[in-house]
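The sequence and its predicted three-dimensional model are supplied below.
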Amino acid sequence: MKNKWYYYIPHPVVMLFGMLMIASIMSYIIPAGSFDRILVDGRERVVPDSYHLIQQHPLSLMDIFMCIPLGFKAAIEIVFIVIISGIMFGFMEESGAIENAVGTLVRKMGVQRKYLIVIIMTFLFGGLGVFVGYENNIAMIPIACVLSLAIGGDLMLAAGISVGAITVGFGLSPFNPYTIGTGHKIAQLPLFSGAWLRSILCITSLGLLSWYNIRYFKKLTGDPFGSLSSGIDTHGFSLSKPLKEYYISKKDFWILITFLGGILLILYGVFIHHWFINQISAVFCMLIIAIGLINRNSADDFGKIILQSVSVIAPGAFMVGLASSIRISLETGHISDTIAYYISQTLSHFPLAFSAAGMTLAQAIMNFIIPSGSGQALATLPVLIPVGEVLGITRQTTVLAFQVGDGVSNLINPSSGGIIAMLALCRIPFDRWLRFIFPLFLGILLLAIIFVIVSVPLNYGPF
């Protein structure tokens with residue numbers, strides 16, 4: 001029998017290294033070029049119509065392998081938050097607080113309402129993506145793992161509920177400060193204007209994801225051997241006793257209150273003081289000490305739990321650093337601006353509706369090259385906005401095309417440190433995730449393109 005396409009997906013490490021080699025080869029083929037940039041509000045912004053060729057910078061053999069440590073250096077903040085999140089969950093696991101809380105929740109709601117639980121949790125994690133951010137939610141991922149196994153699911157269902165929902169919610173958020181916020185500043189539009197259309201798209205996409213998760217869950221229930229996470233260690237996630245025996249003790253209560261207090265502190269810092277990854281990591285460090293003290297762990301226990309947790313999460317942290325090396329190789333070869341320039345020039349030759357759809361696909365491609373929403377906005381929108389205006393596409397539609405192209409492609413982007421980090425906490429290899437999520441990715445991408453095309457005759461504007 002002929003193998004299906006996903007059997008040919010290489011191991012994630014091999015995939016990322018292959019992408020690094022392809023990017024390096026491209027530095028010999030694609031002309032090196034650059035846009036002029038100016039500082040606006042302390043950030044570099046591309047000057048439209050300023051693209052020019054520069055001296056070619058093909059990567060030598062030493063350059064290629066230098067990109068790997070430089071990638072780890074560039075991604076060190078995400079690498080550390082993956083590690084510290086894993087350690088924090090190690091202490092939560094040791095205390096039994098999350099297991100007891102999830103077991104008690106499922107006991108009270110009843111396993112017979114498992115599909116309702118999947119829908120509620122998908123929208124809950126999606127809401128976290130919409131309002132809180134991306135890597136900011138990393139500590140919540142293991143809770144979905146415990147919950148999924150408690151209701152009879154697997155770790156892939158947990159990834160769909162948490163990683164999938166956070167990615168969709170964040171990527172299509174009507175209020176995303178990194179993509180929409182930056183895009184509106186560049187386009188000189190009222191901040192977060194036009195939210196009504198983006199809200200409909202976001203809620204519809206999360207509804208589609210909920211259906212997709214339930215569909216997988218029903219398939220899993222009918223055929224337990226069809227699990228896409230078979231063979232993956234579930235130690236620390238599985239419930240260790242019958243549901244009727246679960247209750248929340250006084251110690252569990254104080255650990256959960258401490259954890260919730262830490263999350264609320266993070267939200268306060270993010271929204272009020274504009275905290276980012278390093279500040280969140282610092283709060284996780286404090287939570288580790290607080291949870292360990294409440295659980296009465298000895299000094300030796302602290303050392304053992306920390307090292308054991310690091311051993312579990314280290315492969316995922318390594319993947320984040322390796323993924324970052326791809327971006328470094330493109331920057332070293334000075335070909336990112338060239339790719340953006342030729343994509344924008346190609347779009348000008350398409351009919352209006354196809355140009356709008358083409359912008360979405362172009363941004364999806366650029367996301368593999370510049371896996372940063374705000375960074376991509378600063379690099380591509382100053383180029384695409386004038387192109388759109390010449391074609392008769394409103395600035396709001398151009399920003400929408402940018403957002404959905406960037407946001408939806410995050411579901412399958414191995415060069416994105418965020419999704420690699422969250423999948424690592426679910427212990428899901430990227431190749432298996434791709435098998436699970438790719439059909440949904442195509443569905444949401446098609447839905448998003450339809451929304452972009454519809455926005456053109458609507459003359460989608462500032463309000």
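Okay, I see it. Numbering: from 1, shown residues only.

Identify each buried residue in the longest helix seen in the chain, please.
Ranked by residue count, the top helix of the chain under DSSP state H comes out as helix 299-333. Residues 302, 305-306, 309, 312-313, 316-333 are the ones in helix 299-333 that count as buried (16 or more other Cβ atoms under 10 Å). Every C-beta, even on glycine, is put in place using the N, C-alpha and C of the backbone.

tell me how far it is from the chain's mean position?
Computed by Cα atoms, centre = their mean, to the nearest Å, the chain-centroid distance of helix 299-333 equals 16 Å.

Residue 210 - how many residues pack around it?
A count of nearby residues for residue 210, using other Cβ atoms under 10 Å, gives 22.

which residues does it contact?
Applying Cβ atoms under 8 Å, 6 or more residues apart in numbering to residue 210 gives the contacts 118-119, 122-123.

and it, which of the three is it?
Three-state assignment for residue 210 (DSSP: H, G, I helix; E, B strand; the rest coil): helix.

Output the below-cut-off pLDDT ranges for the protein.
Along the chain, segments meeting pLDDT under 70 span 1-7, 41-43, 463.

one more time with 50, if that's ok
Residues of the chain that meet the criterion pLDDT under 50 lie in 1.

for it, what spans make up the strands?
Taking DSSP state E to define them, one finds strands in the chain at 33-34, 37-40, 43-46, 52-53.

between the ones you listed, which gets nearest to residue 267?
Smallest distance to residue 267 across those (Cβ to Cβ): 24.5 Å, for strand 43-46.

buried sites along the closest one?
Going by neighbour count (16+ other Cβ under 10 Å), the buried part of strand 43-46 is 45-46.

hmm, back to that, quick one: which of the contacts of residue 210 has the most company?
In the contacts of residue 210, the most neighbours by other Cβ under 10 Å go to residue 122, 26 neighbours.

Which elements pack onto the longest helix of the chain?
Where contact means 3 or more Cβ pairs under 8 Å, 6 or more residues apart in numbering; DSSP states H and E, helix 299-333 is packed against helix 12-29, helix 61-74, helix 76-95, helix 277-294, helix 352-369, helix 417-426.

Identify whichever of the strands of the chain lies nearest to residue 85.
Residue 85 sits nearest to strand 43-46 of all the strands of the chain, at 27.9 Å, using Cβ to Cβ.

could I get that closest one in PDB with only the CA atoms?
The C-alpha coordinates for strand 43-46 follow below in PDB (Å, rounded to 0.1, in the frame of the first residue of the first chain):
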ATOM      1  CA  ARG A  43      11.600  50.700  16.500                       C
ATOM      2  CA  GLU A  44      13.000  50.200  13.000                       C
ATOM      3  CA  ARG A  45      10.500  50.700  10.200                       C
ATOM      4  CA  VAL A  46      11.000  50.000   6.500                       C
END
